[in-house]
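Student: Compute the structure for the input listed below.
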Amino acid sequence: MTINQKSRGLRLMRSALLALVTLAVPATSFGGVILSVAIAPPVLPVYAQPVCPGPGYIWTPGYWGYGADGYYWVPGTWVVAPYVGALWTPGYWGWSGGVYLWNAGYWGPHIGFYGGVNYGFGYTGVGYEGGYWHNGLFAYNRNVTNVSVTNVHNTYSKTVVNNTSVSRTSYNGGTGGTTAQPTHADQEAAREHHTSATAAQTQHEHAASTNRAQLASVNHGNPTMTASAHPNSLSSHGGASTSHAATGQHMASSSSHGNSAVHSNAQGTHKNVAHAQPASHTSAPHSTAAHAQNVSHASGGHAASRGRK
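Tutor: Here you go, the predicted model:
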């Protein structure tokens, strides 16, 4: 064997080892790793939002992560904002180059581009209608978030109306994906400073990735643990909502999952939209049908759980 052949063989061995190590990295790591998957993620499940634990908590919607055994559901949860003025831009799957790429979520002064995915509870696909910061306090929109006036006093009511059908599609682009594209304002706002997920969020995602009941291959796209009041409390408020079947957002089974994945060290591009202020929300509003329960909540605190809208 020549020296060149030995050198080539060593390079191939190193590449194979690197590939094995890469596959061991959490699929939707918040550390800047982008995962590419050949199979589309399942649709978003309909679920109940647990009541907000207290002032200063921001809702982070559930999403489909990806690991060695395929897609798994990371429950939506309330997270303490890492600093005053912080808003959470959800991560999203986007079709590019023949694969689905995961773009990790982040904290920032504005809500950014998240693929036009309607995660519900104020995350309509563009911007955020669930609340805004004012004088150092976060004000909650009781029409789209589940807050109790007994422990959260900084609230308001704003109706969110959508003239288009509500979609549970969980990815952008490709066949059947959302068609949203970043606007010029998104591109300008993308230059702002962003902060990655908190330690609590990272631990929350890891806990979901190690729970086989969260796998789409096990629950067929219908996870029983869909949301929690606090990170890592996967057993809290886990039942999917069945009270909004009239909206057309019923639970649908899906067996979308796979084992082949390739990681890239390129950082996901994060793009922002306008400030989450009541007068400057640019969120695509929800459908009237999806918010049929708003009338009963417009004048008082919400019940212990609210269905995904």
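Student: Give the helix, strand or coil label for residue 168.
Tutor: Assigned with DSSP: H, G, I helix; E, B strand; the rest coil, residue 168 falls in the coil class.
Student: Need phi/psi at it.
Tutor: In terms of degrees, to the nearest 10, the main-chain angles of residue 168 are phi -100, psi 20.
Student: That one against residue 44, yeah?
Tutor: Yes - contact status for residue 168 versus residue 44: in contact at 4.4 Å, counting by CB atoms under 8 Å. Where you see a C-beta, it was placed from the backbone N, CA and C, and this is true even at glycine.
Student: Now list whatever residues contact both of the two.
Tutor: Taking CB atoms under 8 Å, 6 or more residues apart in numbering as the criterion, residue 168 and residue 44 both touch residue 118.
Student: who's more crowded, those two?
Tutor: Neighbours per residue (other CB atoms under 10 Å) separate residue 168 from residue 44, with residue 44 holding more: 26 against 19.
Student: Roughly how far does residue 114 sit from residue 68?
Tutor: From residue 114 across to residue 68, the span is 26 Å (CB to CB, to the nearest Å).
Student: out of those two, which sits in the busier spot?
Tutor: residue 114 (31 against 11).
Student: Endpoint to endpoint, stretch 73-85 covers what distance?
Tutor: The first and final residues of stretch 73-85 sit 28 Å from each other (CA to CA, to the nearest Å).
Student: scratch that, stretch 86-100 is what I was asking about
Tutor: Distance between the boundary residues of stretch 86-100 (CA to CA) amounts to 28 Å.
Student: Would you mark the buried spots in that stretch?
Tutor: Applying a neighbour-count criterion of 16 or more other CB atoms under 10 Å, the buried positions in stretch 86-100 are 86, 87, 88, 89, 90, 91, 92, 93, 94, 95, 99, 100.
Student: Quick check: the two most widely separated of those residues?
Tutor: Set against one another by CB to CB, those have their most distant pair in 86 and 99, with a gap of 31.0 Å.
Student: can you tell me the average pLDDT over stretch 85-99?
Tutor: The predicted model gives stretch 85-99 an average pLDDT of 95.
Student: Quick one: low-confidence residue ranges for this protein.
Tutor: 1-34, 162-165, 234-309 (pLDDT under 70).
Student: And the helices in it, which stretches?
Tutor: Ranges of helices in the chain, per DSSP state H, are 3-23, 184-189, 199-209, 216-219, 294-297.
Student: is the closest residue in space to residue 195 that isn't next to it in sequence in a bridge, and if so with what?
Tutor: Residue nearest to residue 195 in three dimensions, not counting chain neighbours: residue 107, with 4.2 Å by CB to CB, 6 or more residues apart in numbering. Beta-bridge partners of residue 107, counted by DSSP bridges, are residue 88, residue 195.
Student: And for residue 93?
Tutor: Applying DSSP bridges, one finds that residue 93 bridges with residue 102, residue 171.
Student: hmm, back to that, Provide a list of residues in contact with the residue nearest to residue 195.
Tutor: Contact analysis of residue 107 by CB under 8 Å, 6+ apart lists 81, 82, 83, 86, 87, 88, 89, 194, 195, 196, 197, 198.
Student: where along the stretch 101-250 of the chain do the strands fall?
Tutor: With DSSP state E, counting those that start in this stretch, the ranges of strands along the stretch 101-250 of the chain come out as 106-108, 131-134, 137-141, 155-156, 171-172, 227-228.
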